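K.L.:
what follows is a predicted protein model with its sequence.
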Amino acid sequence: MARQEINIGTAPTGVGGDTPRSASIKINAMTQELFARQAQLGTAATLDAVTGSDDFTPGRVSLMGHAGWGSSPISKAPTDDANELPRVSGLFQFGNGGINLPNPFVQILQIANSGGYVWQTAKAMLDESVYTRGRRGDGAWSPWRADINSSVFALGTGQGTVPGELIGLSAAQTASPNKANTGLYSYYLHPDGVPGFGAISVLSQAWGHDPQWRAQLSMAVSGDGLHFRQFSVNPGSPAPNWRSVLHNGNAISGVLNAGPSGALPINSGLIERGGALDNWYFRFAGGLQICQQRFTGYTAGATRNVAWLAAFADTPVAVFHNIYPSVSWDSTARCYGNVGSYFFTSDVTLNNIVTVTAIGRWHA
């Protein structure tokens with residue numbers, strides 16, 4: 001109810017004022033309301049209220065906006081430390097840097113309990129980044145960890161076929177657009193896509209130390225195309241070029257312009273080699289394999305049997321030897337080979353240098 005004023009009349013006798021009865025009725029009504037409200041407030045009725053949003057004096061009554069709830073977060077200075085925020089649940093804002101922050105401009109939601117455990121979630125003020133961390137009861141803080149969301153790690157479809165959207169630009173940079181955040185995107189017939197591959201999935205990363213730089217990996221959806229590139233989104237930067245990643249599949253056939261069937265010539269694309277000067281092999285994508293071994297000296301009637309450094313898929317097409325006559329000529333030497341090794345023998349003992357070469361296939 002509204003406050004009821006008691007009319008005390010005219011001095012000195014109170015002529016014209018409330019009678020004792022009417023005054024008592026007003027007093028009873030107002031005190032009855034006060035005691036009813038006090039019963040609702042409980043012990044808070046006799047406590048002091050906080051003096052501001054950052055007043056955490058124990059035993060004081062909280063008001064709207066206290067600790068940042070229902071109002072603006074508590075503002076912190078650049079010299080303040082996020083590790084040393086009051087051990088209370090509340091909202092805090094670092095608008096110009098601070099200590100132990102994941103980002104210079106963040107708003108922090110903090111949840112704390114009496115056991116010393118604290119949980120903080122920091123939302124960047126200038127982008128959509130979100131970070132979380134916790135404090136154990138022993139006082140040790142875990143490192144800030146960035147949350148994955150659709151703004152900082154996008155999962156979805158590229159925005160149509162307009163050049164410059166998300167994937168990059170097909171000409172030299174004339175502006176510095178907000179390119180794709182780190183994420184996985186799918187594109188179809190994008191003008192900045194990989195030539196010859198209409199449907200692609202692109203894994204794109206914005207380099208955290210300097211976000212102007214992008215690294216992208218393109219994976220063809222309906223073929224074996226695998227391509228990568230790096231580029232800058234700064235004005236005037238050169239147009240990025242896709243580069244092929246070579247492997248023993250159809251990516252190589254695309255580089256070598258194989259026929260419509262994708263079949264590779266037997267001597268296409270060197271993809272593997274190994275060994276040292278006296279024992280080595282080459283493997284080509286189309287299946288061709290060349291092995292060679294070299295040794296010095298042999299004994300009459302003794303057969304030398306040594307394994308190839310890399311096995312063949314079937315009996316080698318050709319195995320032959322060459323003898324360098326460091327001592328004298330040898331017309332009795334002969335050799336042959338199989339999928340795993342070669343055999344060499346001679347009727348004389350000499351210290352000649354022998355090179356054995358095999359040519360065959362390592363796959364069909």
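P.N.:
It's in.
K.L.:
pLDDT weak spots in the stretch 251-364 of the chain?
P.N.:
251-269 (pLDDT under 70).
K.L.:
so where do the strands sit in it?
P.N.:
Taking DSSP state E, counting those that start in this stretch, the strands of the stretch 251-364 of the chain run over residues 270-276, 279-284, 288-298, 304-307, 318-324, 334-337, 341-345, 350-361.
K.L.:
for these, which one sits closest to residue 192?
P.N.:
In terms of CB to CB, the element of these nearest to residue 192 is strand 270-276, at 29.2 Å. From N, CA and C alone the C-beta is placed, and that goes for glycine too.
K.L.:
and residue 191, which of the strands of the stretch 251-364 of the chain is closest to it?
P.N.:
Among the strands of the stretch 251-364 of the chain, strand 270-276 sits nearest to residue 191 (CB to CB), with 31.8 Å.
K.L.:
list the contacts for residue 108?
P.N.:
Residue 108 makes contacts with 73, 82, 85, 91-94, 120-123, as judged by CB atoms under 8 Å, 6 or more residues apart in numbering.
K.L.:
need phi/psi at residue 30.
P.N.:
Dihedral pair for residue 30: phi -70, psi -40, per degrees, to the nearest 10.
K.L.:
neighbours of it, how many?
P.N.:
Residues near residue 30, counting by other CB atoms under 10 Å, number 15.
K.L.:
please apply the same query to residue 331.
P.N.:
Neighbours around residue 331, by other CB under 10 Å: 9.
K.L.:
as TSV, the contacts of residue 108 with secondary structure and neighbour count would be great.
P.N.:
Putting the contacts of residue 108 into TSV (DSSP: H, G, I helix; E, B strand; the rest coil; neighbours: other CB atoms under 10 Å) gives the following:
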residue	secondary structure	neighbour count
73	coil	18
82	helix	21
85	coil	20
91	strand	17
92	strand	23
93	strand	18
94	strand	23
120	strand	24
121	strand	16
122	strand	25
123	strand	17
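K.L.:
so which of the strands of the stretch 251-364 of the chain is nearest residue 142?
P.N.:
Of all the strands of the stretch 251-364 of the chain, it is strand 270-276 that lies closest to residue 142, at 44.8 Å by CB to CB.
K.L.:
now the strands of the stretch 251-364 of the chain as CSV including distance to residue 104?
P.N.:
Putting those into CSV (distance: least, CB to CB, whole Å) gives the following:
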stretch, distance to residue 104
strand 270-276, 48
strand 279-284, 53
strand 288-298, 59
strand 304-307, 63
strand 318-324, 69
strand 334-337, 69
strand 341-345, 67
strand 350-361, 61
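K.L.:
got JSON lines for the ones you listed, with distance to residue 113 and mean neighbour count too?
P.N.:
Below are the strands of the stretch 251-364 of the chain laid out as JSON lines (distance: least, CB to CB, whole Å; neighbours: other CB atoms under 10 Å):
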{"stretch": "strand 270-276", "distance to residue 113": "60", "mean neighbour count": "12"}
{"stretch": "strand 279-284", "distance to residue 113": "63", "mean neighbour count": "19"}
{"stretch": "strand 288-298", "distance to residue 113": "68", "mean neighbour count": "19"}
{"stretch": "strand 304-307", "distance to residue 113": "69", "mean neighbour count": "14"}
{"stretch": "strand 318-324", "distance to residue 113": "79", "mean neighbour count": "14"}
{"stretch": "strand 334-337", "distance to residue 113": "76", "mean neighbour count": "17"}
{"stretch": "strand 341-345", "distance to residue 113": "72", "mean neighbour count": "18"}
{"stretch": "strand 350-361", "distance to residue 113": "70", "mean neighbour count": "18"}
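K.L.:
out of those, which gets nearest to residue 213?
P.N.:
strand 270-276 (30.3 Å).
K.L.:
adjacent strands (with direction) for the closest one?
P.N.:
With DSSP bridges as the test, strand 270-276 is paired with strand 279-284 (antiparallel).
K.L.:
distance between the strand it pairs with and the chain's centre?
P.N.:
Distance of strand 279-284 from the chain centroid (CA atoms, centre = their mean, to the nearest Å) equals 38 Å.
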